[in-house]
Structures are given as structure tokens and as C-alpha cells.
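Undergrad: 3D, please:
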Amino acid sequence: MTPSWWRQLEGKPWPVRFVVLPVVGFVVLQLTFFALLVVGAAVPDGPIVRHLAADVESKMYGPTGLKDRMGGSSDSFTECVVVGVGLGSDETNPLAKAGKMPRISNCATGADQIKRLAAGEDVENGFYFRYWSGFTPLTRPVLATSGITGIRLVSGALLALTLVLAGSVLSRSVGVLASIGLLGPLVLSTNLMSTPSSSFSQAISISAYL
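TA: Okay, here's the model as predicted:
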């Protein structure tokens with residue numbers, strides 16, 4: 001069945017359908033993504049640093065290569081980078097901060113930097129334009145309220161919800177057995193179920209894939 005929006009486009013000249021609209025859509029998408037980065041950047045650093053300092057003391061932060069309780073190693077490196085995105089800069093303007101996207105280091109030296117930030121000291125930071133920045137609209141508000149424990153709970157809930165939704169959609173589309181055949185190996189032969197507690201950033205990414 002042809003969607004109504006596509007039927008409306010069928011009467012348009014081909015340059016509009018295949019050039020103008022895709023370009024406009026791409027621009028709108030980029031502006032939307034940047035607006036989300038601004039929302040994440042607008043969250044104050046102070047509460048995030050306080051929660052992360054407590055997480056460092058309780059050993060919830062890092063180190064790299066922890067066992068994931070499923071026979072493998074966790075991706076703590078990415079997790080440490082994700083929680084430190086947006087920190088370590090004197091910049092307070094959300095627009096400028098979202099454009100520069102400062103961050104502190106990874107697990108190896110990040111814990112010391114967090115302690116220094118909590119003590120009111122300056123730290124040397126970098127600017128890194130990569131997919132890690134895209135986590136900030138979710139991670140920074142949650143980190144500001146409940147630290148790493150909170151973001152692990154949120155990522156676990158997202159993973160469970162999207163897994164159920166993906167299974168439901170696949171079951172209706174291709175049948176129950178086929179959906180089990182597609183999702184079963186992902187659940188049973190990988191460390192998927194341990195990611196919220198050991199590599200929450202991977203749990204969020206997998207949720208997006210699902």
C-alpha cells in the first residue's frame with residue numbers, strides 16, 4: 001500500500017522529489033541533532049562532576065577492561081569517554097559548547113581529572129568531534145541527577161524495551177520462529193545482557209539499532 005505522503009509527491013517534478021526534498025530533509029535532520037546537542041550542553045557541569053566524583057570513590061567509574069561476567073571484557077574505555085563529554089571547559093554558552101564539545105580523558109587519567117574538577121581545579125581537556133557527543137542529550141541530564149548508576153538503569157530499560165519492540169515487530173512481519181532465529185543469537189551468544197552494567201554506551205547504541 002502506497003503511503004499518502006508518497007502519493008502526494010508523485011505529482012511533483014523529479015528534481016523536487018529526488019534532490020530538493022532529500023537535501024532539505026538532511027539539513028533539517030542536522031539542525032535537529034545539533035539542537036539536541038545544545039540541550040545536553042545546557043545541563044550544568046557541577047552536578048555531573050559531583051556525581052562522577054562519588055562514582056570514582058565507589059569504583060563505579062572504570063577502569064578499562066573489566067570482566068563483563070559473561071566471559072568477556074567490558075568496553076569501559078568508551079563508557080569513561082561518554083560520561084566525560086562536555087566537561088573540563090570554562091565555556092558556559094550551550095551553543096558554543098555544543099559546537100566545540102570539550103571532553104576530559106578516558107579511564108586512565110579521567111578519574112584524576114574528575115577529582116580535580118570536583119575540587120575546583122582546572123584540567124587540560126580536548127575537543128573531540130565524534131559519535132560520543134551524540135550521547136549527551138541523554139547522558140548529561142541523567143548523570144546530573146543520578147550519576148553512572150542512573151544512566152546504567154536507563155540504558156538497561158532502553159535495551160529491554162527496544163528488544164521487546166523489535167521482537168514484536170519481527171514476529172508480526174516474519175513469524176515467531178524467524179524472529180527467534182534473528183534475535184536469539186544476539187541475546188544468547190554475545191555479552192548483550194551485561195552491557196547496561198559494564199558498557200552502558202553500547203547498550204544505548206544497540207537500542208538504537210534495534
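Undergrad: mind listing the helices for the protein?
TA: Per DSSP state H, the chain carries helices over the ranges 4-9, 14-15, 21-41, 45-57, 76-84, 94-100, 107-118, 136-174, 176-188, 195-198, 200-209.
Undergrad: how close does the residue sitting nearest the centre point of the chain sit to E79?
TA: When Cα atoms, centre = their mean is applied to the chain, the residue found nearest the centroid is F135 (3.1 Å). If you measure F135 against E79 using Cβ to Cβ, to the nearest Å, the figure is 10 Å. For glycine as for every other residue, the C-beta is placed from the backbone atoms N, C-alpha and C.
Undergrad: Find residues that contact each of the two.
TA: S201 (Cβ atoms under 8 Å, 6 or more residues apart in numbering).
Undergrad: So V49 sits against K115, correct?
TA: No - here V49 does not reach K115: they are 9.5 Å apart, not a contact under Cβ atoms under 8 Å.
Undergrad: So these two - more neighbours on which side?
TA: Neighbours were counted for V49 and for K115 using other Cβ atoms under 10 Å; V49 has more, 24 against 16.
Undergrad: Name all residues that make contact with the spatially closest residue to that one that is not a sequence neighbour.
TA: Spatial nearest neighbour of V49, chain neighbours left out: L117 (4.8 Å); criterion: Cβ to Cβ, 6 or more residues apart in numbering. When contacts are counted by Cβ under 8 Å, 6+ apart, L117 touches D45, V49, A53, L87, G88, I104, V123.
Undergrad: most surrounded residue in those?
TA: I104 (27 neighbours).
Undergrad: was I right about it contacting D122?
TA: No - taking Cβ under 8 Å as the definition, I104 is not a contact partner of D122, at 11.4 Å.
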